[in-house]
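Asker: Generate a structure from the sequence data that follows.
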Amino acid sequence: MKKRTIALLLSLSTALTLFAGCGSNTNTDTQETTKQEETEKEAEPVELTVFAAASMTETLTELGDLYMKDHENVTLVFNFDSSGTLKTQIQEGAICDIFISAGQKQMDQLDINASTEVNTEGLDFVLEDTRFDILENKVALAVPEGNPANINSYEDLKAGLEAGSILLAMGNADVPVGQYTQKILTYFNLDEAALAANGNLTYGTNVKEVTTQVSEATVDCGIIYQTDAASAGLTVVDTATAEMCGQVIYPAAVLNKSEHQDEAKSFLEFLTGSKADAIFEAVGFTPIA
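Answerer: Just a heads-up that it's a prediction; the model follows:
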């Protein structure tokens, strides 16, 4: 009887030990699983779609490559075009995490906090507290290699257009660089419609198309951004003053439809850092943020 009691106690002790051991292993397994899940979450692949003005093509592509080297789980997909076209694509439902415009107007048209005179449709695409001005550019008068028409200033441009002796390339009216050009023409009391009718103007759907016309010397000159002139190796003979066309400010923002808002904010933060500043400045941008 005594042996049976001892045996029974031993069996119970063994069972309790095994049970305790199982419990301990379960806790350890749970902790390891949690750590593994956290690691997998940190490394979870993220694709960020960035809509940016065509004038940022070279710089953002370079910066994107740098960013992805340090953030291996992030893939950046860029869509470069005129800010007006990008705004329309966003409005129509295109997937986009970040928008960087070459003008305030296109961003305002998507920002519920902007003036109703600009955001006439009451569109609400900008994530609250993420919009800021990131860069400033200059509106440049660029000429083909050798400057065959001998245009050396905006005053020369004015004289040539009035005489009907030169061909100018400019952006369409819905493109920021085209809107800046229209202000310059107005500043010099030049009639765009009359110039177009006389065959003194050609147009591009974005600044890259205007730049190409100048590079290929199919025009005598073109009004583009100084950054595009630098990237294309073109000669800039003059830059517009703020009085002529206002400041060229690039706003940036995360969109509230983004499924990766934290990652989008991190990339924008990177674009305000010293590495990004150096690359922007190399082509003529002036960092603001």
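Asker: Flag the shaky bits of the stretch 1-150 of the chain, pLDDT-wise.
Answerer: 1-43 (pLDDT under 70).
Asker: show me where it has strands.
Answerer: In the stretch 1-150 of the chain, strands defined by DSSP state E, counting those that start in this stretch lie at 46-53, 74-81, 98-100, 132-137, 139-143, listed in chain order.
Asker: Including mean neighbour count and distance to Asp124, could the ones you listed go into JSON lines?
Answerer: The way it works is simple: take the backbone N, C-alpha and C, and place the C-beta from them, glycine included. Formatted as JSON lines, the strands of the stretch 1-150 of the chain follow (neighbours: other Cβ atoms under 10 Å; distance: least, Cβ to Cβ, whole Å):
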{"stretch": "strand 46-53", "mean neighbour count": "22", "distance to Asp124": "17"}
{"stretch": "strand 74-81", "mean neighbour count": "17", "distance to Asp124": "21"}
{"stretch": "strand 98-100", "mean neighbour count": "26", "distance to Asp124": "13"}
{"stretch": "strand 132-137", "mean neighbour count": "20", "distance to Asp124": "18"}
{"stretch": "strand 139-143", "mean neighbour count": "25", "distance to Asp124": "31"}
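Asker: Now distance to Lys265 too, for these, in CSV please.
Answerer: Output for the strands of the stretch 1-150 of the chain, formatted as CSV (distance: least, Cβ to Cβ, whole Å):
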stretch, distance to Lys265
strand 46-53, 11
strand 74-81, 12
strand 98-100, 9
strand 132-137, 11
strand 139-143, 30
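Asker: Out of these, the one nearest Lys208 is which?
Answerer: Closest to Lys208 of the strands of the stretch 1-150 of the chain, according to Cβ to Cβ: strand 74-81, at 7.9 Å.
Asker: How about residues contacting the closest one?
Answerer: Strand 74-81 is contacted from outside by 45-54, 56-57, 60-61, 64, 67-68, 86, 89, 94, 96, 206, 208, 263, 267, using Cβ atoms under 8 Å, 6 or more residues apart in numbering.
Asker: so which strand or helix has the residue nearest to Gly204 when sequence neighbours are not counted?
Answerer: The shortest distance from Gly204 to any non-neighbouring residue, by Cβ to Cβ, 6 or more residues apart in numbering, is to Val210 (3.9 Å). Here Val210, judged by DSSP states H and E, is contained in helix 207-215.
Asker: now what about that helix, what contacts it?
Answerer: For helix 207-215, the surrounding residues in contact (Cβ under 8 Å, 6+ apart) are 53-55, 57, 80, 82, 102, 142-144, 169-171, 175, 177, 202-204, 219, 221-225, 228-229, 232-234.
Asker: Figure out how far it is from the centre of its chain.
Answerer: Its chain's C-alpha centre and that of helix 207-215 lie 20 Å apart, by Cα atoms, centre = their mean, to the nearest Å.
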